[in-house]
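Visitor: pasting a predicted model and its sequence here:
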Amino acid sequence: QPSHEWWKEAIVYQIYPASFLDSNGDGLGDIPGIVSKLDYIQSLGVSALWLSPIFKSPQHDMGYDISDYRTIHAPYGSVEDVEEMIQGCHQRDIKVLLDLVVNHTSHEHEWFQESRSSKASPKRDWYIWRDAKYDSDGTRKPPNNWASIFGGSAWTWDEVSSQYYLSLFLPEQPDLNWTSKEMREATYADMEFWLDRGVDGFRIDSMNLMSKHPELPDAPVVDPESEFQSGSLYYASGPKMHDYIREMRLKVFDKYDCMTVGELGFTKDENSVAQYVARDRHELNMVFTGDIVDLDFGSQHKYGPGDFQLSKLRDITNMWQRAMPKCDGWNAVYMDNHDSGRSLSRYASDHPQHRKAAAKMLATYLSTLSGTLFLLQGQEIGMANIPESWGIEEYIDVEAQNYYKAMIKQRGEGSDMSDVLKEMRHKARDNGRLPMQWDSSKHGGFTNHEKPWMRVNDDYIDWNAKSQENDDQSILSHWKRILQLRKDEKDVFVYGRYEMIDVDVSGKDVFAYTMTKWDGAKRAIVLLNFSTESQTFYCEGKYEGWRQLLAGHGGMKMGASGVKLGPYEGVIYCNW
Ligand code: TEU
């Protein structure tokens, strides 16, 4: 019987603070805005919040560039506001997770200012500094050929101290040097600052980039066209990674009843992931493997051409659902975050004809799997990606802008960019960051300011929280029901044993699986139609007489010949 833990049963709602609710009319979301919506959040039935970074930051990467972890970005509010929010959450039995960004800091962080001040600085080795290389003609070159994840070289030249520093993301995000014990102790003290204020855990950003190969070797040339190459082989899940996590856990996390979810980039194979989450390893509670979010990425690059294939979703789901019981580990279940497009628009359909069914079907998928469930703000009302009519000027995120500029440079000014824009409409991070659509008033009720920091999706008049709150058939009502079902039947869903139903049986457009309670007493079958056509699931008598779960479907029984699924319909039948 699987051990029960609060963090396994948690249903986590990700808040993107800039885009949640603006309470003071400056066009940007804020902490008091979150506090004013705690009843809404509670009524949804989630049991934890994860806030993307709210800390002091020059905002070159939307707060993932932190200049002081103990101060709040002023437009969002103050430490006192956060304390009030934590209290308001705890009163409602909602836990609070913060984003822990300690692979890098902002270049404005005091630590970096000191580190760059001179080669002799006591904090010099808190960051990763290297001498330049020189070509035979004397041209200065970075220490190795690594590409930054956001484009260009991963090294930034520092005039002040005449060395390069490593910056795997933006030049404004220098990487910390985790081999420095003093630096590690300082970050642990920052973590405790928030844990002592009642925070219940962390989502750990870029977690497995903290340990790099000590020699920082050149990366193999995969893209001969490009000056710089992905160095992930040498900077992801490096040799000391597990030591650092264990130290963090022993020195900090074990002192609190807190939950940890690490963001795992580039490491996606079962055995490596198990090393982070297997219970006897005493490391993290769970990780984000990212493979479902990356499902439609191009083979060379995120924005390369790529389409959704149900077979891939099936394979990835099968792999993780089976892998976790094998290693006695635990995993996160999610499809959306602030780093890509909405799953509704990418993997199902936001076409008006299908949107409601598709959003509900994806909710049914997520809510019936074993793991800790994460959803992104707006997912509960079926928010969609940026509309086709918007041009490049509406994309704010640095990753999208850098990529677009690089493509123009490659193709020449005035070239046709429609294919690039098409991929961006699916996968740009801006999609997941569109402001929350609260009601049908101007700017979807997100702000009173005449210009929100980011344009609100034009469809807010028809798709908003208010119009769905009192509609029993809405996406929001479906989420509320299915989350309640997940809680009521946690032995079947949260802790249940997953078994795939072969595609020969389900048909290629239907994703079908069963979830079974550990003692075999209760079983449910989940049938998800990922197509625009009706599909019939022939159950060959196997599930005959099983009762349909979820109100609104009248508890109909499955007939001998099976069940017909409408376009994008998702259903659950059970044997109890
Ligand atoms: O993301 C880590 C990461 O690897 C991203 O580059 C991701 O692959 C990319 O966003 C996909 O387009 C985390 C945060 O989630 C992201 O928002 C930050 O920009 C990044 O770290 C740097 O802190």
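Guide: Structure's in. What do you need?

Visitor: ok, now which ones touch the residue nearest the centre of the chain?
Guide: Here the mean C-alpha position of the chain is nearest to the C-alpha of residue 337 (CA atoms, centre = their mean), at a distance of 3.4 Å. If you count contacts by CB atoms under 8 Å, 6 or more residues apart in numbering, residue 337 has them with 14, 288, 293, 374, 376, 432. To be clear about C-beta, it is placed using only N, CA and C from the backbone, and glycine gets the same treatment.

Visitor: could you redo the last one with a cut-off of 10 Å?
Guide: Taking CB atoms under 10 Å, 6 or more residues apart in numbering as the criterion, residue 337 is in contact with 14, 16, 50, 52, 203, 263, 288, 290, 293, 343, 374-376, 429, 432.

Visitor: restricted to strands, list those.
Guide: Judged by DSSP state E, strands contain the following of the contacts of residue 337: 14, 50, 203, 263, 288, 374, 375, 376.

Visitor: verify the stated contact: the first one with residue 432.
Guide: What it means is residue 14. Yes: Residue 14 sits in contact with residue 432 when judged by CB atoms under 10 Å, with a separation of 9.1 Å.

Visitor: the lengthiest helix in the chain: how far from the chain's middle?
Guide: The residue-count maximum for a helix in the chain (DSSP state H) belongs to helix 310-327. Shown here is helix 310-327, whose average C-alpha point lies 18 Å from the average C-alpha point of the whole chain (CA atoms, centre = their mean, to the nearest Å).

Visitor: for stretch 210-217, same thing?
Guide: Using CA atoms, centre = their mean, the distance from the centre of stretch 210-217 to the centre of the chain it belongs to is 25 Å.

Visitor: repeat that for stretch 547-564.
Guide: Relative to the mean C-alpha coordinate of its chain, stretch 547-564 is positioned 34 Å out (CA atoms, centre = their mean).

Visitor: and the stretch 101-250 of the chain, which residues reach the ligand?
Guide: With CB under 6 Å from any ligand atom as the criterion, the stretch 101-250 of the chain comes near the ligand at residues 101, 149, 169, 205, 206.

Visitor: what's the most distant pair in those?
Guide: Spanning the widest gap among these are 101 and 149, at 14.0 Å by CB to CB.

Visitor: neighbour-wise, which of those two wins?
Guide: Neighbours per residue (other CB atoms under 10 Å) separate residue 101 from residue 149, with residue 101 holding more: 27 against 21.

Visitor: now do the contacts for the more buried one.
Guide: Shown here is residue 101, whose contacts under the criterion CB under 10 Å, 6+ apart are 52-53, 55, 57, 61, 63-66, 69, 173, 176, 187, 202-206, 263.

Visitor: just the residues you listed: which are in helices?
Guide: residue 187.

Visitor: which of the residues of the stretch 101-250 of the chain next to the ligand has the weakest pLDDT?
Guide: Model confidence across those bottoms out at residue 149, which has 95.

Visitor: quick one: which of the contacts of residue 337 is nearest residue 525?
Guide: Distances from residue 525 to the contacts of residue 337, taken as CB to CB, are shortest for residue 343 (22.3 Å).

Visitor: grab the nearest non-local neighbour of the closest one.
Guide: Spatial nearest neighbour of residue 343, excluding adjacent residues (CB to CB, 6 or more residues apart in numbering): residue 335 at 3.9 Å.

Visitor: which bits of this structure sit near the ligand?
Guide: So the chain meets the ligand at 61, 64, 101, 149, 169, 205-206, 263, 265, 302, 338-339, 399, 429 (CB under 6 Å from any ligand atom).

Visitor: widest-spaced pair of those?
Guide: Farthest-apart pair in the residues of the chain next to the ligand is 101 and 302; separation 20.6 Å (CB to CB).

Visitor: strands of the stretch 151-300 of the chain, residue ranges please.
Guide: In the stretch 151-300 of the chain, the segments counted as strands under DSSP state E, counting those that start in this stretch are 155-158, 163-166, 201-204, 259-263, 286-288.

Visitor: contacts for the first one, please.
Guide: Outside of strand 155-158, the residues within contact range by CB under 10 Å, 6+ apart are 107, 112, 115-116, 127-130, 132-133, 140-146, 148, 163-168, 170-174, 216, 228.

Visitor: ditto for the last one
Guide: Among residues not part of strand 286-288, those counted as contacts by CB under 10 Å, 6+ apart are 7-8, 10, 203-204, 207-208, 259-265, 267, 273, 276-277, 324, 329-334, 337, 339, 371-372, 374.

Visitor: redo that, cut-off 7 Å
Guide: Contact with strand 286-288 is made by 261, 262, 263, 264, 273, 276, 277, 330, 331, 332, 334, 372, as judged by CB atoms under 7 Å, 6 or more residues apart in numbering.

Visitor: still on that earlier bit, including distance to residue 422, could the residues of the stretch 101-250 of the chain next to the ligand go into JSON lines?
Guide: Output for those, formatted as JSON lines (distance: CB to CB, whole Å):
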{"residue": "101", "distance to residue 422": "31"}
{"residue": "149", "distance to residue 422": "22"}
{"residue": "169", "distance to residue 422": "25"}
{"residue": "205", "distance to residue 422": "29"}
{"residue": "206", "distance to residue 422": "28"}
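
Visitor: and the residue of the stretch 201-350 of the chain nearest the ligand?
Guide: Of the residues in the stretch 201-350 of the chain, the one nearest the ligand is residue 339, at a distance of 3.6 Å by CB to the nearest ligand atom.

Visitor: so who does the closest residue to that residue other than its chain neighbours touch?
Guide: The spatially closest residue to residue 339, leaving aside those adjacent along the chain, is residue 429, at 5.2 Å (CB to CB, 6+ apart). Shown in contact with residue 429 (CB under 7 Å, 6+ apart): 338, 339, 340, 397, 399, 400.

Visitor: output those as CSV; include the columns neighbour count, pLDDT and secondary structure.
Guide: Listed next are the contacts of residue 429 as CSV, based on neighbours: other CB atoms under 10 Å; pLDDT from 0 to 100; DSSP: H, G, I helix; E, B strand; the rest coil:
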residue, neighbour count, pLDDT, secondary structure
338, 21, 98, coil
339, 21, 97, coil
340, 26, 95, coil
397, 21, 97, coil
399, 22, 95, helix
400, 23, 95, helix
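
Visitor: could I get the average pLDDT for stretch 464-482?
Guide: Average pLDDT, stretch 464-482: 97.

Visitor: look at residue 563 and tell me its secondary structure.
Guide: strand (DSSP: H, G, I helix; E, B strand; the rest coil).

Visitor: what residues of stretch 337-355 count as buried?
Guide: When neighbours are counted by 16 or more other CB atoms under 10 Å, the buried residues of stretch 337-355 are found to be 337-350, 354-355.
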